[in-house]
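> Sequence plus the predicted model coming up.
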Amino acid sequence: MKRLIDLDGISSMLYIVIVTPRCNSNCIYCGGFDKDAMPEEIQYSLDDLKYFIDSVMKDKNPSIAFYGGEPLLEIEKIKNIMDKIHAEHYILQTNGLLLDKVDRDYLERFSTILISFDGRKETHEFYRGNYTKVLENVRRTRRYFNGELIARMTASKKTDIFEDVKHILSLDLFTHVHWQIDAVWSEYSDEFKRWVEFYNAGIRKLVDFWVDEIRRGIMHNIVPFLGVATAITKGYTYPPCASGKRSFVIAPDGRVLACPICPELEWNVLGDIYSGVKREIEILDPCPKCSYFKFCGARCLFFNRERLWGEEGFKLVCSTVKNLADSVLQYKEELRELKINYPKYLNTTEIIP
């Protein structure tokens, strides 16, 4: 079957396999998946998944990411997929609580492991708990894992982005730091508006620190900054996560989605693994006409299409993107000389918070 997706010269794509929507954690900012949105276990056969990637998408060097819920609740299913379906890169998004249950030989086969980790102990404990357990598992993994080990933060109203990112860097355990803002899904409030001012100031301070460290010969892999620096020379024409363009989600019922966070929305369904990808998703105005589009690619499909906070909330979240871009771009001539190019392969990082 002919692919309908323009690969922009890229021969391989990312397939995000939702192994289960179940989770063994109870983070206070996460409502989880609606129980009717998808089955709790994979319903299709691995032969069907292999045929979709190999024959329908004709992808000889795919990347496969395991996603949830908490995917490690289905460790044996993950191992079966890794044993049966070849991938150039295997990727895991996990809360880290079960990392010690994964055999070393499988962990070493991953190119990227993203671990939910929110920063300082008081910040992480407030939102997620289990700070000590997660760090123990990260230390164990770091002893023999040589790939990208990304601390994936959720930045919310208790987050001091400068202090929490600095804390993660000081641990010298993670190779990269990434974050997403707790916005749109949560309640729109005056408290959030005030926090945005604090967050934006923290971003400006963090960028200055990042560039000062680069001048000293130290490169901290702070993913959103790397993404904007990459866009100085390359630019984005769609969300940096490439959802629905070069990144596709396989739901447990076999549907192919653009984005993993909203399986219940009709616009997000692109097809299924049996008949292939049938359509693309259009980026809506005002994003393609915005001067920042090159640097953010509309931030994310869900944010672009679902204006849950109305026009005021949409502009407020946009202000965080513009502030981040402006903070990095003031150093664009220095950064241009570094020829930063991140990511080397799609790894589920959304890039723009």
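That came through fine. Numbers count the residues shown, from 1 in each chain.

> which residues of the stretch 101-250 of the chain fall in helices?
Along the stretch 101-250 of the chain, counting by DSSP state H, counting those that start in this stretch, helices occupy 104-107, 121-127, 131-142, 161-171, 190-215, 223-231.

> among these, which is the most enclosed?
helix 223-231 (a mean of 25; mean count of other CB atoms under 10 Å). In this view, the C-beta of every residue, glycine as well, is placed from N, C-alpha and C.

> In PDB, list the C-alpha atoms belonging to that helix.
C-alpha atoms of helix 223-231 as PDB (Å, rounded to 0.1, in the frame of the first residue of the first chain):
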ATOM      1  CA  VAL A 223      16.400  19.400  25.100                       C
ATOM      2  CA  PRO A 224      14.100  22.400  24.500                       C
ATOM      3  CA  PHE A 225      17.200  24.600  24.100                       C
ATOM      4  CA  LEU A 226      18.800  22.100  21.700                       C
ATOM      5  CA  GLY A 227      15.600  22.000  19.700                       C
ATOM      6  CA  VAL A 228      15.400  25.800  19.200                       C
ATOM      7  CA  ALA A 229      19.200  25.900  18.500                       C
ATOM      8  CA  THR A 230      18.600  23.200  15.800                       C
ATOM      9  CA  ALA A 231      15.800  25.200  14.300                       C
END
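
> Which residues are in contact with the closest residue to Arg152 other than its chain neighbours?
For Arg152, ignoring the flanking residues on the chain, the nearest one in space by CB to CB, 6 or more residues apart in numbering is Leu114 at 4.5 Å. Contacts for Leu114 (CB atoms under 8 Å, 6 or more residues apart in numbering) come out as Ile91, Leu92, Gln93, Thr94, Ile150, Arg152, His178, Asn347, Thr348, Thr349.

> could the residues you listed be laid out in CSV, adding distance to Tyr44, neighbour count and pLDDT?
Shown next, in CSV, are these (distance: CB to CB, whole Å; neighbours: other CB atoms under 10 Å; pLDDT from 0 to 100):
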residue, distance to Tyr44, neighbour count, pLDDT
Ile91, 20, 27, 98
Leu92, 20, 25, 98
Gln93, 20, 24, 98
Thr94, 22, 22, 98
Ile150, 28, 23, 98
Arg152, 27, 24, 98
His178, 30, 24, 98
Asn347, 24, 26, 97
Thr348, 21, 23, 97
Thr349, 27, 25, 97
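
> could you dump the residues you listed to CSV with distance to His124?
Below are these laid out as CSV (distance: CB to CB, whole Å):
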residue, distance to His124
Ile91, 22
Leu92, 19
Gln93, 17
Thr94, 15
Ile150, 15
Arg152, 12
His178, 15
Asn347, 22
Thr348, 20
Thr349, 19
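
> Low-confidence bits of the chain, can you list those?
1-11, 31 (pLDDT under 70).

> Can you show me the strands along it?
Counting by DSSP state E, the chain has these strands, from start to end: 14-18, 63-67, 89-94, 110-116, 148-155, 176-181, 247-250, 255-257, 269-272, 276-277.

> Within the sheet, what are the partner strands of the fourth one, with directions?
What that stands for is strand 110-116. strand 89-94 (parallel), strand 148-155 (parallel) (DSSP bridges).

> and these as a markdown table, adding distance to Ile16?
Output for these, formatted as a markdown table (distance: least, CB to CB, whole Å):
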| stretch | distance to Ile16 |
| --- | --- |
| strand 89-94 | 8 |
| strand 148-155 | 14 |
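
> Select, out of those, the one closest to Leu72.
Among those, strand 89-94 comes nearest to Leu72, with 5.4 Å by CB to CB.

> How far does the closest one sit from its chain's centre?
Taking CA atoms, centre = their mean, to the nearest Å, one finds the center of strand 89-94 at 11 Å from the center of the full chain.

> now that strand against strand 63-67, angle please.
For strand 89-94 against strand 63-67, the angle by axes from the mean of the first three to the mean of the last three CA atoms, to 10 degrees is 10 degrees.

> Quick check: the gap between Gln43 and Ala251.
9 Å (CB to CB, to the nearest Å).

> Between the two, which is the more surrounded one?
Ala251 (24 against 12; other CB atoms under 10 Å).

> so who does the more buried one touch?
With contact set as CB under 8 Å, 6+ apart, Ala251 has these partners: Ile18, Met38, Leu257, Pro263.

> and the last one, how far is that from Thr349?
Distance of Pro263 to Thr349, computed by CB to CB: 20 Å.

> how about Asn130, phi and psi?
Main-chain dihedrals, Asn130, degrees, to the nearest 10: phi 60, psi 30.
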